[in-house]
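Asks: build the 3D model from these lines:
(one chain, ligands or ions: 1)
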Amino acid sequence: MPTFTLKINNKIHSVEADMDTPLLWVLRDQIDLVGTKFGCGIGQCGACTVHVDGNAMRSCLLQVSQAVGMNITTIEGLSEDGKHPVQEAWKEIDVPQCGYCQAGQIMTASAFLNRNPNPSNSEIRNAMHGNICRCAAYNSIEKAVKVAAD
Ligand code: FES
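Replies: Numbering: from 1, shown residues only. Next comes the predicted model:
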């Protein structure tokens, strides 16, 4: 099995995997970064969202061989103390219900706010619409992104 060198949360990891193994499974099963969740496995739900060179990407669709040479950030590496402004806003608004999709939501929101620090409500809705929440906490999610932006 080939070995891949990955930069994840500013640390270098060597992993053995088939070329087409989804990054999601390498993160969860080999590096024990289980904050990134499996929802659908086909790029439809957003639960597996991580940052790849600062862009929100679905780790279920990214093969490990494609992640070499990129800066991968997971929810565990978003901030050193768990107090990224988006995480703080999530707590303030008390967004999570079951919580399962929240890491993906936060990773999508934080990448979006890096690009657009002062979004309108409709821009927030557009940016977040691909992240499914089975509890339908969409109003709270939108509110929290707004709070994080302020
Ligand atoms: Fe990747 Fe659903 S698990 S988008």
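Asks: stretch 48-57 and the ligand, any residue contact?
Replies: Yes: Stretch 48-57 is in contact with the ligand by C-beta under 6 Å from any ligand atom, via C48. (Glycine included, C-beta is placed from N, CA and C.)
Asks: list the buried ones in that stretch?
Replies: C48, T49, V50, H51, V52, A56, M57 (16 or more other C-beta atoms under 10 Å).
Asks: can you report phi and psi for the second one?
Replies: Note on T49: its backbone torsions stand at phi -70, psi 130 [degrees, to the nearest 10].
Asks: likewise for the last one?
Replies: Geometry field for M57 lists phi and psi as phi -140, psi 150, criterion degrees, to the nearest 10.
Asks: what bridges to it?
Replies: V50 (DSSP bridges).
Asks: quick one: contacts for it?
Replies: The contact partners of M57, taken as C-beta atoms under 8 Å, 6 or more residues apart in numbering, are T49, V50, H51.
Asks: the fourth one too?
Replies: Applying C-beta under 8 Å, 6+ apart, we find H51 in contact with M57, N71, I72, T73, T74, L78, M107, S110, A111.
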